[in-house]
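Participant: Build the 3D model from these lines:
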Amino acid sequence: MAVDKYYYEVLGVQEDASLPEIKKAYYLKAREMHPDKNHADPEAAARDFNEIGEAYQVLSDPQRRKAYDEYGKEDVPTDSIVDPTVLFGMVFVNEIFEDYVGQLSLLSSPPPEFDPTIPPEVQKPKLEKILKALQEEREAKLMEIMKNRLAPYVDGQKDDFVEFAQSEAERLSQVAFGKTLLQTIGNIYTRQAAKEIGKGKRYLMIPFLAEWLRDKTHTRNTKFSAARAAINYINLREEWRRSKEEEDTDNNDNDNANKMDDDLKDAIFSSFWQMNVPDIESTVSRVCQVVLTDPSVSKDVLRLRAHALKTLGTIFQGKRL
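Facilitator: Numbers count the residues shown, from 1 in each chain. Here you go, the predicted structure:
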């Protein structure tokens with residue numbers, strides 16, 4: 001039993017909470033208390049946010065958690081920066097983009113059915129079924145949102161649609177990773193729209209086939225980049241751990257240590273972003289394909305949807321990095 005329960009209370013978890021439970025609690029608490037969402041008292045929100053991060057630092061590290069349980073808060077160092085993967089999740093997971101990409105798979109909390117004490121190979125069939133259902137639910141929600149978003153253009157309100165798209169691009173570009181995401185989403189929209197528009201031009205099969213080939217090549221390259229980024233990510237995480245261990249034993253050059261932290265964090269963010277790109281592209285591409293081939297509407301509606309999607313994608317791509 002822990003002699004000090006404060007950090008457990010901060011995160012709202014039991015003393016025997018597993019690491020997945022602690023991580024899930026941290027994400028939920030941190031998103032709730034983020035200073036950007038608490039404009040009434042940002043200073044108090046910042047204090048609470050830092051306190052949540054401090055609790056996570058201790059309880060997510062087996063050695064620090066053991067020391068905390070045995071000796072209490074005062075004897076546990078909490079001066080290291082929070083895990084960069086968690087920071088990426090906090091920076092990247094912004095609600096205003098969830099209507100475009102949904103909840104990213106790599107940033108999703110483990111399902112309640114996941115048991116860390118059971119070997120992964122035993123749980124794999126059951127978890128795959130659960131994760132597939134969650135992905136289908138994610139895509140179904142995004143499909144309805146996309147249909148509603150394209151509806152004004154389909155209904156003839158093209159000027160209003162363009163005005164909305166421009167204001168939406170400006171709004172989305174202001175958040176963390178906003179312009180990067182807009183480029184990714186815009187590329188998907190224009191590629192998928194071009195494929196569907198090209199299908200109707202039977203006498204111009206060469207441009208259509210060229211677009212199809214470009215799409216296939218891009219997908220293959222994205223997966224290759226993600227695999228390479230995953231390897232790089234593992235190496236960077238290990239380098240990050242070593243740098244934190246060195247900081248704990250040598251505090252003579254704080255400026256150099258802070259610069260190393262920033263450089264490593266940026267490199268980890270870049271690798272983790274590349275790892276998420278295939279999930280974003282495959283999900284959004286499938287959503288586009290279903291919306292643009294919907295058998296419940298006429299071919300004229302499908303054609304207008306494709307042109308609306310191409311317009312939206314082009315405007316999103318206009319927000320340069």
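Participant: Next one: Glu74, what pLDDT does it get?
Facilitator: Per-residue pLDDT puts Glu74 at 74.
Participant: now it: how far from Asp4?
Facilitator: As judged by CB to CB, to the nearest Å, Glu74 and Asp4 stand 8 Å apart. Where you see a C-beta, it was placed from the backbone N, CA and C, and this is true even at glycine.
Participant: Show me which of those two is the more surrounded one.
Facilitator: Asp4 (16 against 7; other CB atoms under 10 Å).
Participant: In terms of pLDDT, where does that one sit?
Facilitator: 78.
Participant: which ones are touching Val284?
Facilitator: Applying CB atoms under 8 Å, 6 or more residues apart in numbering to Val284 gives the contacts Tyr100, Val101, Leu142, Ile185, Ile188, Tyr189.
Participant: rerun at 7 Å
Facilitator: Val101, Ile185, Ile188 (CB atoms under 7 Å, 6 or more residues apart in numbering).
Participant: go on, Arg305?
Facilitator: Leu150, Val154, Val291, Leu292.
Participant: Now for Glu281, how many residues are close by?
Facilitator: By the criterion of other CB under 10 Å, Glu281 has 22 neighbours.
Participant: In three-state terms, how would it be classified?
Facilitator: The three-state label given to Glu281 by DSSP: H, G, I helix; E, B strand; the rest coil is helix.
Participant: can you check Val13 too?
Facilitator: Per three-state DSSP, Val13 ends up coil.
Participant: residue contacts, it?
Facilitator: Neighbour list for Val13: Glu21, Ile22, Ala25 [criterion: CB under 7 Å, 6+ apart].
Participant: give me the element the closest residue to it other than its chain neighbours is part of.
Facilitator: Nearest non-adjacent residue to Val13, counting by CB to CB, 6 or more residues apart in numbering: Ala25, 4.9 Å away. Take DSSP states H and E as the rule and Ala25 turns out to sit in helix 19-33.
Participant: again, but for Ala140
Facilitator: Assessed by DSSP H and E, Ala140 sits inside helix 120-154.
Participant: Following element in sequence after that helix, please.
Facilitator: For helix 120-154, the following helix or strand on the C-terminal side (DSSP H and E) is helix 158-173.
Participant: who's in contact with that next one?
Facilitator: Helix 158-173 has contacts (CB under 7 Å, 6+ apart) with 96-97, 152-153, 178-179, 182, 308, 311-312, 315-316, 318-319.
Participant: again, only this time at 6 Å
Facilitator: For helix 158-173, contacts defined as CB atoms under 6 Å, 6 or more residues apart in numbering pick out Pro152, Tyr153, Gly178, Lys179, Leu182, Leu312, Ile315, Phe316, Lys319.
Participant: In terms of helices and strands, where is Arg305?
Facilitator: In this structure, Arg305 sits in helix 299-317 according to DSSP H and E.
Participant: and that helix, average pLDDT?
Facilitator: Averaging pLDDT along helix 299-317 gives 96.
Participant: do the same with stretch 104-122
Facilitator: 65.
Participant: coming back round to it: tell me which other helices or strands the helix holding Ala140 touches.
Facilitator: Counting contacts by 3 or more CB pairs under 6 Å, 6 or more residues apart in numbering; DSSP states H and E, helix 120-154 is packed against helix 158-173, helix 254-292, helix 299-317.
Participant: Just send those back as CSV, with distance to Asp69 too.
Facilitator: Formatted as CSV, the helices and strands packed on helix 120-154 follow (distance: least, CB to CB, whole Å):
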stretch, distance to Asp69
helix 158-173, 44
helix 254-292, 28
helix 299-317, 49
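Participant: Which of those sits closest to Gly12?
Facilitator: Among the helices and strands packed on helix 120-154, the nearest to Gly12 by CB to CB is helix 254-292 (26.4 Å).
Participant: Report the mean per-residue pLDDT for that closest one.
Facilitator: Helix 254-292 shows a mean pLDDT of 72.
Participant: Same check on stretch 186-206?
Facilitator: In this model, stretch 186-206 has a mean pLDDT of 76.
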